[in-house]
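Participant: The following block contains a protein sequence and its predicted model.
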Amino acid sequence: MTGFQEIGREWLVGGEEDEARPPADLRPEIPHPARMYDYYIGGKDNFPADREAAERVLSISPMVRISALANRAFLGRAVRHLAGQGIRQFVDIGTGIPSAGNTHEVAQRVRPDARVVYLDNDPIVLVHGRALLSGTTPESTSVVQADLRDPAAILATPEVRRALDSGEPVALLLVAVLHFIDEQDDPYGIVRTLVDALPSGSRLVLSHGTLDFTPTTEAGRGPAVYRSASAQLTMRSREQVLRFFDGLDLAAPGLVTAPLWRPDTPEQPTDSQVGIWAAVAEKA
């Protein structure tokens, strides 16, 4: 995949350069959660500050890397499952830095006619749009700048409106993004607004970080590292994560740790302790 050095300071929105917009400021001196996540899963699109912060987190809890990899694998299995069930429209919010096994790659491998809209408020993600869209058309895959804290604006974007107006079910992906939304921004209201706009038969794919399996003495130390980064963490319990699915029908096996959602490899002893809750649910 193209690295930061090659992409430089380009700005991409919706698949086209927009000279009216300022160039993205990568701010390499400030740890960034998307780049830290990229480092956890073995990516190369990160800077020394990101690696240093990520290593501090890993020194507190080595399970963070396992959780990040498990979350990425859950995304692939969920998208593959839904594409196999006939879903061909995917709205992926808070996609993060592109890496192998992106939503459009997985979905279009199963359904070549699948359409994917990526939305992120982060210029770091947007500058990777050209690499992400290489070999695709704007009709099949697009990248849009949008902020999850403003669901009305997301629903009004032309790319999302086309998906919703088709009348077909849509897969809404909120994978490892809601723990960057604190309570004052009303995360449950955000999800409710987005889900209410979906056609019948649509699916919500959601994963969320948790401290349910973290010793009390360590619970605050990992999130504290993120206070020096460009986004903060709000971890939630299983009961709190379950509330995001109110009014929806959870698909088997329900809300479980990420590795235990329809695994395609033998279960490992640590799978039930991975700090990511994950589930897929259907709107009636």
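Facilitator: Perfect, thanks for sending it.

Participant: Residue ranges in the stretch 1-150 of the chain under the pLDDT threshold?
Facilitator: Counting by pLDDT under 70, the stretch 1-150 of the chain has low-confidence residues at 1-26, 128-138.

Participant: Now do the helices in it.
Facilitator: Assigned by DSSP state H, counting those that start in this stretch, the stretch 1-150 of the chain shows helices spanning 4-7, 33-40, 48-60, 63-84, 103-110, 123-126, 129-132.

Participant: What about Ile193, how many residues nearby?
Facilitator: No Ile there; residue 193 is Thr. Neighbourhood size, Thr193 [other C-beta atoms under 10 Å]: 15. C-betas here are computed from N, CA, C, even on glycine.

Participant: Ignoring the adjacent residues along the chain, who's closest to it?
Facilitator: Setting aside the residues directly before and after it, Thr193 is nearest to Pro151 in space (C-beta to C-beta, 6 or more residues apart in numbering), at 4.2 Å.

Participant: and that neighbour, what does it touch?
Facilitator: For Pro151, the contact set (C-beta atoms under 8 Å, 6 or more residues apart in numbering) comprises Ile190, Thr193, Leu194.

Participant: how close does the last one sit to Tyr188?
Facilitator: What it means is Leu194. Separation of Leu194 from Tyr188 (C-beta to C-beta, to the nearest Å) stands at 11 Å.

Participant: Compare neighbour counts for the two and give me the winner.
Facilitator: Leu194 (22 against 14).

Participant: Excluding chain neighbours, what is closest to the more buried one?
Facilitator: Take Leu194 and drop its neighbours on the chain: the residue closest to it by C-beta to C-beta, 6+ apart is Pro151, 5.1 Å away.

Participant: Beta-bridge partners for Val280, please?
Facilitator: Counting by DSSP bridges, Val280 forms beta bridges with Val205.

Participant: so who does it touch?
Facilitator: Residues counted as contacts of Val280 (C-beta under 8 Å, 6+ apart) are Ala78, His81, Leu82, Arg203, Leu204, Val205, Leu206, Leu250, Ala251, Trp261.

Participant: confidence score at it?
Facilitator: On pLDDT, Val280 comes in at 98.

Participant: how far away is the residue most central in space within the chain from Trp277?
Facilitator: What sits nearest the mean C-alpha location of the chain, by C-alpha atoms, centre = their mean, is Val175, with 3.6 Å. Noted for Val175: a distance of 12 Å to Trp277, by C-beta to C-beta.

Participant: and for the two, which residues touch both?
Facilitator: Both Val175 and Trp277 are contacted by Ser207, under the criterion C-beta under 8 Å, 6+ apart.

Participant: re earlier: of the helices of the stretch 1-150 of the chain, flag the one that's most buried.
Facilitator: Using mean count of other C-beta atoms under 10 Å, the stretch among the helices of the stretch 1-150 of the chain with the largest mean neighbour count is helix 33-40, at a mean of 24.

Participant: ok, residues contacting it?
Facilitator: With C-beta under 8 Å, 6+ apart, helix 33-40 has contacts from 44-47, 50-51, 53-54, 57-58, 64-65, 68-69, 96-97, 99, 122, 124-125, 176, 180, 226, 229-231, 233.
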